[in-house]
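A.B. asks: requesting a structural model of the entry that follows:
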Amino acid sequence: LYGAPERWDLNDGAVTVKNEHTIWRFDWEQNWIRGLDTLVTVNFQDRPRDRHSPSTSITNFDVDGDGLVDRAMRVNWRRDDYTVDARTYEAMAKYTFTTGKLEHGFLARFQKRTYDDRSLTYRSPTTQDSYVKLSGVSDWSNNYARPPAGLTYNEVFKNSGMWDNTSDLRQYSASYMPKLTTDHGVYRFTYGVIRSKQVKTDGRPFDDATWLLPDPVPPSAIQPEGGARRILANDLQEGTTTLAGVSYSPNDTFTFYGVVTGSFRPTSVRNSFGEILPPRRGDTTETGLKFDNLFNGLVSGTVSYYNTEEYNNNKLEPNIPRSTSLATDGLPLFTYDPAANVWTQRPGAVFDPNGPRGDQVAVGRYGSEGWDAELVFRVARRAQAVVSYTYIDAGVLYDPDPRQIGRIDSNTAKHTIGVFGKYWFTQDALKGLNL
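C.D. replies: Numbering: from 1, shown residues only. Okay, here's the model as predicted:
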């Protein structure tokens, strides 16, 4: 059983933020009968965040009550309440048995991951005290450096940052892993199939209205029992990937291996029409050499080469029509039928590129290849030194915009070198301690 509660606060003038992050994990491993091993893992994560900040606008208002309209700034205090609730359930079972020189291994795995994120925004009421008289265009009153004492939030209002979304991802996998022992060495094979299915629901906590609520706001008023959520979109993404691998160990020191895998990553990104983008897919090939106990056990390590290609990367295409685009006649380019939930381009309408444009799309192909090496040196009886090096050659292989071809992800380093050491104690009160 593992638990890790965290909390950190930010107090920066007019903005205050309180963050909490709690992780609980439970693992249960059981050997039921000879050859059958099972593992059950449950993981809980909660990440609430509470943020207070001023929301200002310049307006005209009689601040001092003398009958004259003043140039004023209206200040409404906002409280953004954001919560993430994640749950992961995983179960694995492995069964092995031997027939002659062949050892059979079967692995079954199930994973269910639920993700619920919710954002609400509260606003303080607008009163006479919400206005500050300005002597200049951008004056700031010191009276609003922090939320005033006794401030109440009795209004929940709709904005673009208000949502109540959920996603449910389920994965089923099965693998067969035979091992053949011969006079020339040991051969291992792996073949597996993974089936992924994700259901994502986008919604809002309320309908399109401003809700005035008492202070303090009771939870039942925010989302009544049974859920008062308006569903905006509900989408299903599913796909199948495979894994195949082979290795050969001529002796206890060297192992040559090769692996081919496919990847399927559901996405949560939608375009302006409310359509969820296609999932990301990819293929990876890796070959390498593992060695152990070289030079009388002084050196162990791995050297490998890999090649990866990923498709359907999400990006903003700036010059294509979006749901709010206009036609050359000044009218909307698309019409929406709420009953059928369908967007249709008006017959004969021509897209006006000078109006609103740009939308999220899934296009292109991104590739990376390189070498990875890790060496473990036993420098003393109770000390190790590990040296690692990674070389990556990555970039965009295809994109509708030719200028993007060859572009490298800003988070990708071409060369990465790592060095660290480990020392463990075996005597007295420090026994079991590693540094």
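
A.B. asks: list of residues touching the helix or strand that contains residue 296?
C.D. replies: Following DSSP states H and E, one finds residue 296 within helix 294-297. With contact meaning C-beta atoms under 8 Å, 6 or more residues apart in numbering, helix 294-297 is reached by 253, 300, 378. Quick note: C-beta positions are derived from backbone N, CA and C, even for glycine.

A.B. asks: for the first one, give me its contacts.
C.D. replies: Taking C-beta under 8 Å, 6+ apart as the contact definition, residue 253 lies against 291-294.

A.B. asks: residue 189: how many residues sit nearby?
C.D. replies: When counting by other C-beta atoms under 10 Å, one arrives at 14 neighbours for residue 189.

A.B. asks: what mean pLDDT does the helix or strand it falls within have?
C.D. replies: Using DSSP H and E, residue 189 sits within strand 185-204. The average pLDDT within strand 185-204 is 90.

A.B. asks: and it, what does it pack against?
C.D. replies: strand 163-176, strand 179-182, strand 230-249, strand 254-265 (3 or more C-beta pairs under 8 Å, 6 or more residues apart in numbering; DSSP states H and E).

A.B. asks: and the last one, what does it pack against?
C.D. replies: In other words, strand 254-265. If you count contacts as 3+ C-beta pairs under 8 Å, 6+ apart, strand 254-265 packs onto strand 185-204, strand 230-249, strand 280-293.

A.B. asks: Serialize those strands to CSV and add fields for distance to residue 132.
C.D. replies: Shown next, in CSV, are the helices and strands packed on strand 254-265 (distance: least, C-beta to C-beta, whole Å):
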stretch, distance to residue 132
strand 185-204, 32
strand 230-249, 36
strand 280-293, 49
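
A.B. asks: residue 338: which of those is closest?
C.D. replies: strand 230-249 (11.3 Å; C-beta to C-beta).

A.B. asks: list the buried ones in that closest one?
C.D. replies: For strand 230-249, the neighbour count (16 or more other C-beta atoms under 10 Å) marks 235, 237, 239, 241, 243, 245, 247, 249 as buried.

A.B. asks: quick one: the fourth one and residue 182, what's the gap?
C.D. replies: Okay, so that is residue 241. Here the distance between residue 241 and residue 182 works out to 31 Å (C-beta to C-beta, to the nearest Å).

A.B. asks: could you do the third one as well?
C.D. replies: When C-beta to C-beta is applied, the distance between residue 239 and residue 182 equals 38 Å.

A.B. asks: do the last one as well
C.D. replies: Residue 249 sits 11 Å away from residue 182, going by C-beta to C-beta.

A.B. asks: coming back round to it: so which of the contacts of residue 253 is the closest to residue 87?
C.D. replies: Comparing the contacts of residue 253 against residue 87 with C-beta to C-beta places residue 292 closest, at 38.9 Å.

A.B. asks: which of the helices or strands spans the closest residue to that closest one other than its chain neighbours?
C.D. replies: Counting by C-beta to C-beta, 6 or more residues apart in numbering, residue 292 lies nearest to residue 300, which is 4.6 Å off, once chain neighbours are set aside. Element membership of residue 300 [criterion: DSSP H and E] is strand 299-317.

A.B. asks: buried residues, stretch 83-90. List them.
C.D. replies: Using 16+ other C-beta under 10 Å as the burial criterion, the residues of stretch 83-90 that qualify are 83, 86, 88, 90.

A.B. asks: lowest pLDDT pick from those?
C.D. replies: residue 83 (85).

A.B. asks: re earlier: and which of the contacts of residue 253 is nearest residue 173?
C.D. replies: Distance to residue 173, by C-beta to C-beta, is smallest for residue 292 among these, at 28.4 Å.
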